[in-house]
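let me see the structure of the following:
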Amino acid sequence: MDANCEKLIRELSDAFGPSGFEDEAVKVIRRWTEELGTVSEDKLRNVFVYRKENRGGRPVLMLDAHSDEVGMMIRAVRENGTLAFLPLGGWNKPSLPGAKVLVRNAEGKLLPGVIAAKPVHFMSEAERKNTSFEITDLSIDIGAKNAEEAENVFKAAPGEPALPATKFESDAAHGLLFGKAFDCRIGCAALIETLRRLRGKELPFDVVGVFSSQEEVGERGVKVAVERVKPDIAICFEGAPADDTFAERRLSQTRVGGGPMLRYMDKSVICSPRFMRFAIAEAKAAGIPVQCAVREGGGNNGAVINLSSGGVPVIVAGVPVRYIHSPNCIASYPDFENTVRLAVRLAEKLTADVLESF
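The predicted model follows:
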């Protein structure tokens, strides 16, 4: 496990950055990319990295990853001092009760809290049997005795964000990564490392790295970013939901340790079949393991990029992540490494003729 890459993934995973509040994640991204090219930012907190080797007047390869993570927004302070909240993005609901969280208060300080779970000792028989609930039924407990203390002492306020208090860990002996926000901070790390490995290399394309905001609430940031970049072709990095701990083996298409997941389609996009064939062939030629998926649900920035600029060939390279959209995720470092290897290989092998063939 490369120590520099592990540090990069750690800093990105630990950064506080739910949708609309990506500021801390953006600071980490800017610090790690400032030597790789010209870095700029728009008012939605999209970050753009233009390679030093770009010359202009050439086709543009866009590398995209979203900087936000699923989170929560405080809706109201309840009379008992707990905090009602709404989701920022699509949470795996059963993973939330009992989770430790951090709540930003009106002064910008992070308060520890717990998503309240009614103890089984106080449940009726009917409550024990009822396992269904809505996120609006939940509350965050920051330890306040009542609403007055929550507002005046803890400075809790509506409109402030919250997210899991999970801290990154790694198991180098087994090549495993544990943390929050791997969707899509592990994709952001892969994009940064791809740019780093392309440094100084002559390519027939200009390359622009885009760290887009607010993907989890409707791909909002990338809709603005593509207007600036106007890509001719794109690779979208993702943290892809792994299915290997619950799907039938022959139906499993996103296994941790199986290499990057290239998706043929999901609910939002049909990725360019010709670009897919090219990517699979190049992966095979380089000995890079990949796994291909046909997904019923899900969505990603690739769908927006695909429909921009008159139609853009796009593929989605996802690092498999177990328990995505929950407070605790598991990923494989070799999958991260192979995702970077694939992206670098494609950037080096793409030519104007290949693009034309798509």
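
check which residues of stretch 146-159 are buried.
147, 150, 151, 154, 156, 157 (16 or more other Cβ atoms under 10 Å). (Glycine included, C-beta is placed from N, CA and C.)

ok, how many other residues are close to the closest residue to residue 213 other than its chain neighbours?
Leaving aside its sequence neighbours, residue 213 sits nearest to residue 221 (Cβ to Cβ, 6 or more residues apart in numbering; 3.4 Å). Close neighbours of residue 221, defined as other Cβ atoms under 10 Å, add up to 29.

please apply the same query to residue 111.
Residue 111, neighbours per other Cβ under 10 Å, totals 20.

would you list the phi and psi of it?
Here is the backbone geometry of residue 111 (degrees, to the nearest 10): phi -100, psi 130.

what of residue 86?
phi -120, psi 150.

that one bridge partners, please.
residue 73 (DSSP bridges).

need the contact list for it.
By Cβ atoms under 8 Å, 6 or more residues apart in numbering, the contact set of residue 86 is 72, 73, 75, 135, 136.

now the buried members of these.
72, 73.

list the helices and strands the lowest-mean-pLDDT helix or strand in the chain packs on?
In the chain, the helix or strand scored least confidently by mean pLDDT, DSSP states H and E is helix 125-129, which has a mean of 78. For helix 125-129, there is no helix or strand it packs on, judged by 3 or more Cβ pairs under 8 Å, 6 or more residues apart in numbering; DSSP states H and E.

which of the helices or strands spans the residue nearest to residue 213?
helix 220-229 (DSSP states H and E).

C-terminal to that helix, what's the next element?
Counting by DSSP H and E, the next helix or strand C-terminal to helix 220-229 is strand 233-241.

ranges for the strands of the stretch 251-358 of the chain?
Taking DSSP state E, counting those that start in this stretch as the criterion, the stretch 251-358 of the chain contains strands spanning 261-265, 291-294, 314-322, 329-332.

what confidence value was assigned to residue 133?
pLDDT, residue 133: 85.

and the closest residue to it other than its chain neighbours, how many neighbours does it have?
Counting by Cβ to Cβ, 6+ apart, residue 133 lies nearest to residue 93, which is 7.0 Å off, once chain neighbours are set aside. Other residues lying near residue 93 total 16 when counted by other Cβ under 10 Å.

residue contacts, residue 93?
133, 134, 135.

10 Å instead, please
Contacts for residue 93 (Cβ atoms under 10 Å, 6 or more residues apart in numbering) come out as 87, 132, 133, 134, 135, 137, 138, 325, 326.

the second one: what's it in contact with?
Neighbouring residues of residue 132 by Cβ under 10 Å, 6+ apart: 93, 94.

does it sit in a helix, a strand or a coil?
Secondary structure for residue 132, judged by DSSP: H, G, I helix; E, B strand; the rest coil, is coil.

need phi/psi at it.
phi -90, psi 140.

distance-wise, check it relative to residue 94.
In this view, residue 132 and residue 94 are 10 Å apart by Cβ to Cβ, to the nearest Å.

how about the fourth one?
Distance check for residue 134 against residue 94: by Cβ to Cβ, it reads 12 Å.

again, but for the last one
Taking Cβ to Cβ as the criterion, residue 326 is separated from residue 94 by 9 Å.

looking at these two, which is more packed in?
Counting neighbours by other Cβ under 10 Å for residue 326 and for residue 94 shows that residue 326 has the greater number, 20 against 10.

list the contacts for the residue nearest to residue 299 when sequence neighbours are not counted?
Leaving aside its sequence neighbours, residue 299 sits nearest to residue 268 (Cβ to Cβ, 6+ apart; 3.5 Å). By Cβ under 10 Å, 6+ apart, the residues touching residue 268 are 219, 295, 297-304, 306-307, 316.

can you tell me which of these are buried?
Applying 16+ other Cβ under 10 Å to these flags 219, 295, 298, 299, 300, 301, 302, 303, 304, 306, 316 as buried.
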